[in-house]
Every structure is written in structure tokens, then in C-alpha cells.
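> pasting a predicted model and its sequence here:
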Amino acid sequence: MSLDDYILKHIDPEGDYLYRLWRATNVHLLRGRMASGHLQGRLLKMIVSMIRPKNILEVGTFSGYSAICMAEGLPEGGRLYTYEINDEMEDFTRPWIEGSAVSDKIEFIIGDANVEAPKLGIEFDMAFIDGDKRTYLETYETILRLLRPGGFILADNTLWDGHVLEIPKPADRQTQGIEDFNDYIARDKRVERVILPLRDGLTIIRKL
């Protein structure tokens, strides 16, 4: 048994619906590993349960796995607004979100969160960044303006399969985007931050 298998056997179960979504994501979509999966999904739910946010903003819905996990942790009356910029994902993702037990807590929106989220006029308590790595910094600045003092931002993929230790090739804008984001966050005096070496790296940021 691997250490990963051991961990999954000793945490809360994934649940049948999320397992089927994870399977469908990996069977039907390219880069299915981008879905959060069992361990990160349970962590996202736990963090939401700890923070007890009223409003969550997610940038990068993909197949809807992380959105459903976070919505599971929302208190009564809580709402998650999740943006997916790739309109080709809608036919796959919307039925899975609408078929979930927490669909009433999720607003699934096709569009650019950097443009559309400020139009909501909502102050967010928590945000999850998991969209285009090339625009992480732009997304971070957008979210920080919408986030209440003391609110939390979770940024996914911040270790980027270890590529952050390498000098990115000139054409590799995604690796460069993650490295620029990490360097910027490390110096930003408006926040405090910690990186968890979970899966592909998860940075937890608190707005001061």
C-alpha cells in the first residue's frame, strides 16, 4: 500500500457522486488530473467548514469537482460563485453541478471572472484560484479587491509539478505565470501566506 492509499483510507470517504464525477472527468476530458480529487476535495470542504464563509468565489470550474466539495462545507445560506472561461466545458460540467445535492448553493457562470465577478457587487469571504496559470497575478489582484479583510484565498498548482525549481523556457508562459505569482505573493505585505505541498501545491493566503 502506498502512502497516498493509506491517507485516503484514513480520511472521510469521497462519496459515490464525487467518485463518479472524478471517473467521468478522467474518462471524457483531456487533462482529467486537473480535477481536485478525493484528498484535496475533503480538504477544501474542511477549510470551508472551518472558515464558515457566506460567499465563495472560484476561478476555474473545470468539471465542477472542487465547486461541489466547497459547497458541501458551506453553512445554510452560503453561496459559491464559480467561473469557467472555456465555454466548451459547459455541456459536461453544468449537468454534474445541477445534479449534485448542493446545486442550490452553486452559481455556475461561463465567463472571465476578472471581468464578470466585480459586477456582482459582492464582498467575498473566501476564494479559490484554479484557472489559467498565465493570468494568476491578474486574478489575484481582482480577488483581493473583492475579498473582505481577514478573508482567505486558496491558490492551486503553485508547485507546478516541481517546475518552479527550473528556469522556464521562453514559450512556457504557464510555468512563468506560476513563478511570477509565487514570487509576488511572497513579497506582498497585504497578506500572510503558507504553501502546502499537497498534490501540486496549494497556497493559503489571508488578507490582512
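Yep, that arrived. Numbers count the residues shown, from 1 in each chain.
> quick one: contacts for residue 61?
If you count contacts by Cβ atoms under 8 Å, 6 or more residues apart in numbering, residue 61 has them with 67, 82-84, 89, 93, 97, 108. In this view, the C-beta of every residue, glycine as well, is placed from N, C-alpha and C.
> in this structure, which spans are strands?
55-59, 79-84, 106-110, 124-129, 147-156, 191-196, 202-207 (DSSP state E).
> what pairs with the first one, parallel or antiparallel?
What it means is strand 55-59. Using DSSP bridges, strand 55-59 pairs in its sheet with strand 79-84 (parallel), strand 124-129 (parallel).
> of those strands, which is nearest residue 152?
Proximity to residue 152, assessed across these by Cβ to Cβ, is greatest for strand 124-129 (4.9 Å).
> CA-only coordinates of the closest one in CSV, if you can.
Extracted in CSV, the C-alpha atoms of strand 124-129 (Å, rounded to 0.1, in the frame of the first residue of the first chain):
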residue,chain,number,x,y,z
PHE,A,124,-16.3,37.6,-0.7
ASP,A,125,-15.0,35.7,2.4
MET,A,126,-13.0,33.1,0.5
ALA,A,127,-11.8,32.5,-3.0
PHE,A,128,-10.2,29.5,-4.8
ILE,A,129,-7.9,30.2,-7.8
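> contacting residues around it?
The set of residues that contact strand 124-129 without belonging to it, under Cβ under 8 Å, 6+ apart, is 44, 47-48, 51, 53-60, 66, 70, 136, 139-140, 143, 146-148, 151-156.
> how far off centre is that strand?
For strand 124-129, the gap between its own C-alpha mean and the chain's C-alpha mean amounts to 9 Å (Cα atoms, centre = their mean, to the nearest Å).
> same deal with stretch 28-47?
Averaged over its C-alpha atoms, stretch 28-47 has a centre that lies 9 Å from its chain's centre (Cα atoms, centre = their mean).
> how about it: buried residues?
Of the residues in stretch 28-47, those buried under the neighbour-count criterion (16 or more other Cβ atoms under 10 Å) are 29, 32, 34-38, 40-45, 47.
> likewise for stretch 164-180?
Residues 164, 168, 172, 174-180 are the ones in stretch 164-180 that count as buried (16+ other Cβ under 10 Å).
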